[in-house]
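Peer 1: Fold the stuff below for me.
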Amino acid sequence: MKELNPLNIIRYAIFTAISASLLILFPSVNASAAEADPYSIICSFASANGKNVLAVSEESIPGTFSTVTEAASYAAEGDIIYIFPGEYEESLDLRSKELILFGQDRDTCIIRYETSRYTYPVLNVSAGTFSNLTFYGYSSSSAELSSDVTGMTPETVDNNFSGYVIHIDDDNEYGRSLVFNNCNIISENNNCIGLGFRDHFSVAFENCLLRSVGNAGILYVHDPEQLIGPNSDMKLAFRNCIWENFGYPYVICAKSIHTTNRVELTFQNVTTYCYASNLTELYSPGNAFSGFDVRLQLQLPQVFGNTPVTLRDDKKVSEYLREFREQALSVKPGIYFLTEKRKTVKDPDELPKTVTVYYINNAYDLPGDGWIGSNAFYLTEECSGNTLDEMNYHINN
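Peer 2: Numbering: from 1, shown residues only. Down below sits the predicted model:
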């Protein structure tokens, strides 16, 4: 019989801590007790598997830490950090350990930080499990910093680029996995997630809300700088997630560094609200995206299911975006095209070939046979049920 990995057992228990699955593991615990005191259930289960539970609380509860950073410094590989409700002002660097962070309630267990500086995301991580938490990268500055990392240098990074909410780009990823379950990930600056792969690494977001209202989209992802080849083992999955992208048209920027590295993408039941615009300076003319141009919505809204929104002279784009954010869950998901009268751009080189919510940045500007024109990213057959059709597997056939 294959030996069970204790860390995987604990992960499963945490994901089901307030559900019927937990009651199956602990038949003596009734449903009301499990819902009322998940902390004691997790402590009991962790103790039975040789793991420690470190608690974090704002309320000075005896035996708890006041910050997640402090708890993490005491934690050993595989330990659990249980977070009581509160707002924790921290930029977490957890790249050196594989930990489990579990919040009592995702809407009231908030880890937040001012992410106007690139080197200070809310969470810098390479492995572990994160559940029932809100990660919030907020902005207290009116300055608009670049989200185009291609010109980044160590000397200019903090002065010119804002930070992700979650940054995943470290050699400790190799051979590990990273899971976010039932989390809110909210950004007012850069992308919600900045992800640089290493080989033999997998990352999954399950039952998460991702909301970007800043100068970039939901996800910036690239393959490793190391040339690995088509036999690489790299996986990224989003399952049963809601994406809300307001403030920047590209929902995803997928960058290829090498033409033969291969990253498998899985999107399942991802509901997306986003906007496109006729402001051509927002788009890259070098986009290798091979799908349809969303400007067709202006001519064929009945086909694409979205009615273009034409801005009045007395209303700014930001006001429309604020309205969309406030009513996102009450309107139909999809792409909303915001138009306003602009001067015609006369230089053809300044015009993007395609206006879309995806930015495919290929290595050496070569076309690819992968997902929507990529030469490093490929959809798996599991991709289905997504409101943006390009995320469904059939689009590649």
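
Peer 1: Strands along the stretch 201-350 of the chain, start to end?
Peer 2: 201-206, 209-212, 219-222, 234-239, 242-245, 252-255, 263-268, 271-277, 309-310, 334-339 (DSSP state E, counting those that start in this stretch).

Peer 1: before we move on, what about the stretch 1-150 of the chain?
Peer 2: Counting by DSSP E, counting those that start in this stretch, the stretch 1-150 of the chain has strands at residues 53-56, 80-83, 86-89, 92-94, 99-103, 109-114, 123-125, 128-131, 134-138.

Peer 1: quick one: low-confidence parts of the protein?
Peer 2: 1-36, 141-160, 297-331, 339-351, 395-397 (pLDDT under 70).

Peer 1: on that earlier part again, any chance of the strands of the stretch 1-150 of the chain in TSV, with distance to residue 213 and mean neighbour count too?
Peer 2: Every C-beta, even on glycine, is put in place using the N, C-alpha and C of the backbone. Below are these laid out as TSV (distance: least, Cβ to Cβ, whole Å; neighbours: other Cβ atoms under 10 Å):
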stretch	distance to residue 213	mean neighbour count
strand 53-56	27	22
strand 80-83	24	25
strand 86-89	19	16
strand 92-94	22	19
strand 99-103	22	25
strand 109-114	14	22
strand 123-125	18	25
strand 128-131	22	24
strand 134-138	10	23
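
Peer 1: CSV please, covering those and showing distance to residue 45.
Peer 2: Listed next are the strands of the stretch 1-150 of the chain as CSV, based on distance: least, Cβ to Cβ, whole Å:
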stretch, distance to residue 45
strand 53-56, 9
strand 80-83, 9
strand 86-89, 24
strand 92-94, 22
strand 99-103, 11
strand 109-114, 19
strand 123-125, 23
strand 128-131, 14
strand 134-138, 24
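
Peer 1: So which of the ones you listed is nearest residue 355?
Peer 2: Comparing those against residue 355 with Cβ to Cβ, the closest turns out to be strand 134-138 (27.2 Å).

Peer 1: so what does that closest one touch, helix or strand wise?
Peer 2: strand 109-114, strand 184-187 (3 or more Cβ pairs under 8 Å, 6 or more residues apart in numbering; DSSP states H and E).

Peer 1: Need those strands in TSV (columns: distance to residue 333).
Peer 2: What follows is those, written out as TSV (distance: least, Cβ to Cβ, whole Å):
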stretch	distance to residue 333
strand 109-114	25
strand 184-187	18
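
Peer 1: how about those, which one is nearest residue 215?
Peer 2: Closest to residue 215 of those is strand 184-187 (Cβ to Cβ; 9.3 Å).

Peer 1: ok, that closest one: who's next to it in the sheet?
Peer 2: Applying DSSP bridges, strand 184-187 is found paired with strand 134-138 (parallel), strand 209-212 (parallel).

Peer 1: next helix or strand past that strand?
Peer 2: strand 193-196 (DSSP states H and E).

Peer 1: and that next one, how far from the chain's centre?
Peer 2: Put simply, strand 193-196 sits 8 Å off its chain's centre (Cα atoms, centre = their mean, to the nearest Å).

Peer 1: how many other residues sit next to residue 264?
Peer 2: By other Cβ atoms under 10 Å, 17 other residues sit near residue 264.

Peer 1: Mind listing the residues bridging to it?
Peer 2: Residue 264 has these beta-bridge partners by DSSP bridges: residue 235, residue 378.

Peer 1: OK, contacts around residue 182?
Peer 2: Counting by Cβ atoms under 8 Å, 6 or more residues apart in numbering, residue 182 makes contact with 106, 131-132, 206-208.

Peer 1: excluding its backbone neighbours, what's nearest it?
Peer 2: residue 207 (4.7 Å; Cβ to Cβ, 6 or more residues apart in numbering).

Peer 1: distance of that neighbour from residue 194?
Peer 2: 21 Å (Cβ to Cβ, to the nearest Å).
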